[in-house]
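Asks: quick one, fold the following:
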Amino acid sequence: MTKRGAVDRRMNRAELEKLMSADMRALTAHSDRIGRHFARQNDVGGTDLHALLHIMVAETAGTPMTPAQLRQRLDVSPAAITYLVDRMIDSGHLRREPDPTDRRKTLLRYEEPGMALARSFFTPLGAELHKALADVPDRDLLAAHRVFTAMTEAMVTFEEQLGGAARKPPENDTKPAKTRRRAVSKTGDRPA
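Replies: Numbers count the residues shown, from 1 in each chain. A predicted model of the protein is given here:
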């Protein structure tokens, strides 16, 4: 048996995919817990933490995020995203930069004090990951990267499907449901 309790035997494809899904859920749960520790230690709210994560992912991918894109990712109102971004700028986590391809837009970038704070917290985690992966051959790391990439792409596709489903009415019910209203007098009282 391995640490996770899986039996050392040949697993079929469905079992391997199920195991990978369980691993992804466990990784996500632990990542969430570590993020909450960071938030508590640095007086950052949950939404702010998610904002920082989305901005970091976008920067790492080489596609800095606009406030409008962040608003869509966090599913908050325009006023809420303005307040959040202003608060994160005031606290030294972020800065706005003009978009070099469209002067009407701004990009959200990590400010150096915010990046230094994240580095100081997460560097020990990086060291733990380095130790944990030290004996894993490079070919296995490359295979794991392909797996993570495929799983991320599947999640993006599923999220897009959910977004499209949220905007469309169900196919079998295109009319809004009728509601029964009781008469209200001019004074606002309902008849008995």
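Asks: which regions of the chain sit below the pLDDT cut-off?
Replies: Residues of the chain that meet the criterion pLDDT under 70 lie in 1-8, 164-192.
Asks: can you show me the strands along it?
Replies: Counting by DSSP state E, the chain has strands at residues 94-99, 102-110.
Asks: adjacent strands (with direction) for the shortest one?
Replies: Looking back up the chat, that one is strand 94-99. strand 102-110 (antiparallel) (DSSP bridges).
Asks: dump stretch 141-151 to CSV, keeping only the CA atoms.
Replies: C-alpha atoms of stretch 141-151 as CSV (Å, rounded to 0.1, in the frame of the first residue of the first chain):
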residue,chain,number,x,y,z
LEU,A,141,7.1,15.6,-13.6
LEU,A,142,6.5,16.3,-17.3
ALA,A,143,3.7,13.7,-17.4
ALA,A,144,2.2,15.2,-14.2
HIS,A,145,2.3,18.7,-15.9
ARG,A,146,0.4,17.3,-18.9
VAL,A,147,-2.2,15.8,-16.6
PHE,A,148,-2.6,19.1,-14.6
THR,A,149,-2.9,21.0,-17.9
ALA,A,150,-5.5,18.6,-19.2
MET,A,151,-7.5,18.7,-16.0
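Asks: what's in contact with that stretch?
Replies: Applying Cβ atoms under 8 Å, 6 or more residues apart in numbering, the external contacts of stretch 141-151 come out as 20, 24, 133, 136. For glycine as for every other residue, the C-beta is placed from the backbone atoms N, C-alpha and C.
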